[in-house]
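Peer 1: Got a sequence here, can you build the structure:
(3 chains)
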Amino acid sequence: MLNFNTPIMDTKEFSEIKISEIEPILKINLRGKNRDFVTKIGKELSIITPVDPNTSSSNEKLNLLWLSPDEWLIYSNEKIDLNGANFLEDKLYNEISKVNLGSITNVTDHWIMINLSGTKIFELLSADCPFNFNSFKNSKGAVVQTLVNHIDVVIHNKNINNVNLFVRRSFTNHLWSWLNDGASRL
Amino acid sequence: MSKNLRITNNKFIDQTSRISFKFDGKTLYGFKGDTLASALLANNIHLVGRSFKYHRPRGIMACGSEEPNAIVQVGNDASMTEPNTRATEIELYEGLEASSQNCWPSVNFDIGAINNFFSPLIPAAFYYKTFMWPANFWKLYEYFIRKSAGLGKSPTEPDKDIYDHRYLHCDVLVVGGGVSGIMAAKTAAKNKLNTVLIDDKNILGGTTLFQKNECFKINNSYSSDWLKKEIETLNSLKNLTIKTRTSLAAYHSYNYLLARENLTDHLCLNEKKDKIRQRLWKIRAKKVVIATGAMERPLIFNNNDRPGIILSSSIKKYIDYYGVKCGQKVSLFTNNDSAYETAISLNNNGVIVNSVIDIRDKTNSLIVKQAEKLGIKIHWKSSVVNTNGYKKINSIEIMKLSDNGTAVVGKKIKEECDCLAISGGWTPRVHLFTQSGGKLKFRNEDNVFLPDKTDLDQISIGSCNGDFELDEVIENSVNLINKFLKVNNNDYVNLEIISSKEIDKKNIWLLPSDKPLGKTKPFLDFQNDSTANDVKLALREGFKSIEHVKRYTTTGMATDQGKLSNMHALGIIAETAGVKMGELGTTTFRPPYTPLTFGAIVGRNIGEFFDITRRTPMHDWHVEKKAEFENVGQWKRAWYYPINNENMNEAVQRESKAARDSAGILDASTLGKIDIQGSDTSEFLNRVYTNAWSKLEIGKCRYGLMLNEDGMVYDDGVTTRLSENHYLMTTTTGGAANVLSKLEDYLQTEWPELDVYLTSVTDHYGTVSICGPNSKKILSKVIPDLDLSDKEFPHMSFKNALIDNIKCRVMRISFTGEHSYEINIQSSYAKSVWEKCFDAGKEFNITPYGTETMHLLRAEKGFIIAGQDTDGTMTPVDLQMDWIISKKKYDFIGKRSLYRSDTIREDRKQLVGLLTEDPKEILEEGAQIVAETNKQPIEMLGHVTSSYFSPNLNKSIALAVVKNGKKLKGQKMFVPMKDKTISVTITDTVFLDKENKRLNA
Amino acid sequence: MFLINCPYCGERDQSEFTAGGEAHIVRPKQPTELSDDQWAEFLFMRKNIKGVQLERWNHAHGCRKWFNMVRDTSNDKIHAVYKMGEKPPIK
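Peer 2: Residues are numbered from 1 along each chain as shown, chains lettered A, B, ... in the order given. This next block holds a predicted model:
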């Protein structure tokens, strides 16, 4: 069997901040422009496709994040079975990409998900993130794509003082140590 | 400590906690709450430094950030010492060590002081004029100038302190915690606006905090008592954040501001440890209220720089706030009412007030009358014409002013004193307003520049807006704040305010003396040691622009940016040149308002966080195998894998040979990968690449070259057709982000009609590349089910496969010219697949190779690296890659540019191969190529772009760009180096296996 | 540092954006039929004015969408932003 490796596989706790890499999480990138695409996605996932900027919708299994007027990101709530075939990806690929409704791309390993929780997480991020978290903080489900320490990230507000941060895998070690360094000083 | 200099009934200083500190090696004592300056003055130490040019003794002159003289070195640790700090801003802490700067060997005996006697020989721009010739003597001059000029010592070791940055977003930012700032902050926060109030002092309140004078009362209390109650109410406001010890450094457009918060500078050494020293706040405010107050001006007269000559308002702060008497017998010299407040405070605290010398004819304001009632003597219509005392003032000379104020008349009176308070009026602190792009206007009656027009959502209130009287400050601020915030706060309406009003105003920029101008020393810029005479000289020499005079005389160019000197310089220039001050304008106030430490600017972006690093999924394996790493963009790529103490050359020779003789393995995960889907993808590829894509079969790969619209090569890579409308494009490692953004640009702006979607999958896949004659055998061990026959799986094709049930894509493509495969698998498994290939290859001596070997192997085949062999000026034709330009396609990016008159020139620089006459001689990359060596000047025909010693050919090979190179094949050229000239021959770019036999070996 | 109102994502810091030069320069549909001078006009010639200018910007670190901006180059004031394909709202 092949070994499964993620960059961190760790959890760190500081006063009022907890940082953990949560993997493996299924992630699929969706792109499409027309109405049929949006309807189809909603139907296939049993979820309302968020069309308002910087928002998301979620159900028990999945979260669907708005990334741009023609781009969305799906990620699963639960860790995925490494050996299980990826039904969802195949289904969406056949229903959407194959019929030229849009594109379906597996990005499970493109992004690494880091969960940040605690009362000081926004202070931690604001050390090097120009985004104004003042209203984001209080809006559950809000999504933002911005830069943290000059690295592209997607941040999903899961709950009060609890966010999932997505960072491209190759940047993960760097951002992880930056977050830990910052958290140790708050 | 001289007890009699400290008054005991003072609330701001904790006289129960004594603090010991060292100044110039001597142990002294102060109290908690002191600044270094107040503690030194309490110890009767005025002399703290020597002036920059003439090495004249200089003393503490102010009490805040405008201090020009008391510039000291703090600490003596090689990593923590800090030069050019203002003693007036350093809060005293146990163990503080500070020393004078710019004096040698000591502040009391300074050898450079001899310059003072030669000073007529050191006029403005003396250094510029004198040390110009002979030019090669500069090295010698520089040594002595630096030694004698010395503005402090820089630390010689890395800073151990920790610094931080943080972004902050607020509705209202209030800068300055004086009366008007506090009113603004309270009004904003009460109206539910998210408000931040910052002040550079350790306590809010500004100068009103210690104002106990019958002439300034609010609702029957001293203005200070009223203000204290206001400050107490701030604590209950939920929307208000107060940051003290926070100095606003810069105010940029869009209300983006930088402020430095001092977190530990006031703590004693063991309390500082492991804490963040300073934090730089990056503030975005919807609205900004500037309430930065005003600074007192000095007066410009002969010998106005002696220790003991201090700004009047500073003397008041030292006595009323710090409880320190700056002298026992004080004279005051003024052109306005505010010096009388100081005189009254001194008098009330038992200091002998000699007299007030006032240049005005006579005035009858409330405060002046109060001073007269206390019996304070006033010399009306008089001026100080000289001061005496070398290391400390001991007397002044006073004369009557002529009616027009241009001369002094009558008898000279000598008055003994140990301190002279000077007050030349007030300058609103408009620095931040102008930094933000605001335009100033000039008010003639009291010679001040005031905020006028701004594009930003901001206001200036209080004395920085030209309101100097207490009642005006309050009444005008209330109105401005309510209007600006669109609220209606009634807290400050109907206050009963008593405020002395200044009735008479008079100003003389350069006060007359009984001596001719050339024999006097009226200092303008105390820190850079320039006098009024220097400014006048500059004007005589023909300088007219204020910016030029500033640079020529260096007035206003020291670390204080001329906070005290600029207005007088302008005044004197206007007067001398006969123009109005409002028309002359000001010099530019640039950020930072006060100097920032490098630490605060850099924050945590040091060491491992200096630059971002990216790692491949196999990174840890490379580390274990002791690979040396190379930075490729942000990526850390394995460069070579030395074994048994090999150097780079030895390792690369071994790796290159192994890859061609048997098998090599390379981590190619860093290549950019773009997933492309949509019904118009092949049309899209046709438009972005130079070659044709419509006929690429499913399961096949093709190399493509991407140009800019100007026809120059931009990027290259292999693209694979995965299914009917699904492709995977690879880009160069460095070009990945730019290529994706460029393609998105075309799709969104030029060709929105195309049904094409791009998704970056660079990080989703790890890529293992195995090459060499045994690569096929190795792959067949790793994926036994895959048919690797040339018929089933030929060069430039791809297969889906499974490795231990995990999906992967295998491409048979080659960047080395060898039979080779690239396995793309999701990153979580890439390291494991890499190890599996490595284990499978052990019997074939599979050798991991890094980027250096990869570069060597492709150079043997004459494959280009976009960005190394191309530099944005090479067309495909220049690269001798005409074969990749489709003749049939109507259009593609850059096509039209390929036959512009410039791109079809035959004598463009073209890519060629080079062989050295001596096969062991390796050319230097970047070396120039010439056709003849004995002609001067030599025409440079091109340069070497890639150069290696090839172990497989056993000779040195190189790629180069050479003017008209295509036609020069077989010609001899020369590469002149520092110590020799190397003979080379121009060749074909392909050095090895011209028939491509090895691809199918 | 500007504050830019991305037409899709709202107000964001300038550091999330990249600038793409003058707007409304349409790539010729038939480049091969153009003379060198005509092609050079498209390729190289830019107004670079002091004053109100129409520019292309990309929300590179956000939604990755290109859009247009009306900006005064003399004082950096952004008068408006509008989507690709739309007409400038003010001039």
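
Peer 1: which residues touch the residue nearest to residue B:768 when sequence neighbours are not counted?
Peer 2: Ranked by CB to CB, 6 or more residues apart in numbering or on different chains and with sequence neighbours excluded, the top spatial neighbour of residue B:768 is residue B:823, at 4.6 Å. In short, each C-beta sits where N, CA and C put it, glycine included. By CB atoms under 8 Å, 6 or more residues apart in numbering or on different chains, residue B:823 lies in contact with B:767-770, B:779, B:782, B:803, B:808-810, B:833, B:837.

Peer 1: nearest to residue B:68, of those?
Peer 2: When the contacts of residue B:823 are ranked by distance to residue B:68 (CB to CB), residue B:767 comes first, at 62.5 Å.

Peer 1: so which helix or strand takes in residue B:781?
Peer 2: Using DSSP states H and E, residue B:781 sits in helix B:775-782.

Peer 1: Residue B:314 too?
Peer 2: Residue B:314 is part of helix B:312-320 when elements are defined by DSSP H and E.

Peer 1: hmm, who's touching that helix?
Peer 2: For helix B:312-320, contacts defined as CB under 8 Å, 6+ apart pick out B:7, B:38, B:41, B:61-64, B:88, B:207, B:210-212, B:296, B:310, B:324-326, B:330, B:332, B:334, B:338-339, B:341-342, B:345-346, B:349, B:351, B:419, B:421-423.

Peer 1: if I pick the nearest residue to residue B:614 once chain neighbours are set aside, what's in contact with it?
Peer 2: Spatial nearest neighbour of residue B:614, excluding adjacent residues (CB to CB, 6+ apart): residue A:170 at 3.8 Å. If a contact means CB under 8 Å, 6+ apart, then residue A:170 has B:614-616, B:635, B:670, B:762-763 as its contacts.

Peer 1: Determine the three-state secondary structure at residue A:170.
Peer 2: helix (DSSP: H, G, I helix; E, B strand; the rest coil).

Peer 1: so where's chain C shaky on pLDDT?
Peer 2: Per-residue confidence for chain C (pLDDT under 70) gives these ranges: C:91.

Peer 1: quick revisit: pLDDT score for the residue nearest to residue B:614?
Peer 2: Note on residue A:170: pLDDT of 98.

Peer 1: same deal with residue B:524?
Peer 2: Per-residue confidence (pLDDT) for residue B:524: 92.

Peer 1: For it, what are phi and psi?
Peer 2: Dihedral angles of residue B:524 (phi, psi; degrees, to the nearest 10) stand at phi -100, psi -60.

Peer 1: any chance of the contacts of residue B:823 in CSV, with secondary structure too?
Peer 2: Formatted as CSV, these follow (three-state DSSP):
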residue, secondary structure
B:767, strand
B:768, strand
B:769, strand
B:770, strand
B:779, helix
B:782, helix
B:803, strand
B:808, strand
B:809, strand
B:810, strand
B:833, helix
B:837, helix
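
Peer 1: mind checking how far the residue of chain C found nearest chain B is from residue B:861?
Peer 2: Residue of chain C nearest chain B, by CB to the nearest CB: residue C:31 (3.7 Å). Residue C:31 sits 33 Å away from residue B:861, going by CB to CB, to the nearest Å.

Peer 1: Likewise for residue B:731?
Peer 2: Here the criterion is CB to CB. By it, residue B:731 lies 20 Å from residue B:861.

Peer 1: Which one's more surrounded, these two?
Peer 2: residue B:731 (27 against 20; other CB atoms under 10 Å in any protein chain shown).

Peer 1: Quick one, grab the pLDDT at residue B:132.
Peer 2: Predicted confidence (pLDDT) for residue B:132: 59.

Peer 1: What parts of chain C come near chain B?
Peer 2: Residues of chain C lying close to chain B (CB under 8 Å from any CB of the partner chain) are C:1-3, C:13, C:18, C:20, C:26-28, C:30-32, C:34, C:36, C:39-40, C:42-43, C:56, C:58, C:60, C:64-66, C:75-77, C:84-85.

Peer 1: One more pass at 6 Å, please.
Peer 2: C:1-3, C:27, C:31, C:36, C:39, C:43, C:66, C:75-77, C:84 (CB under 6 Å from any CB of the partner chain).
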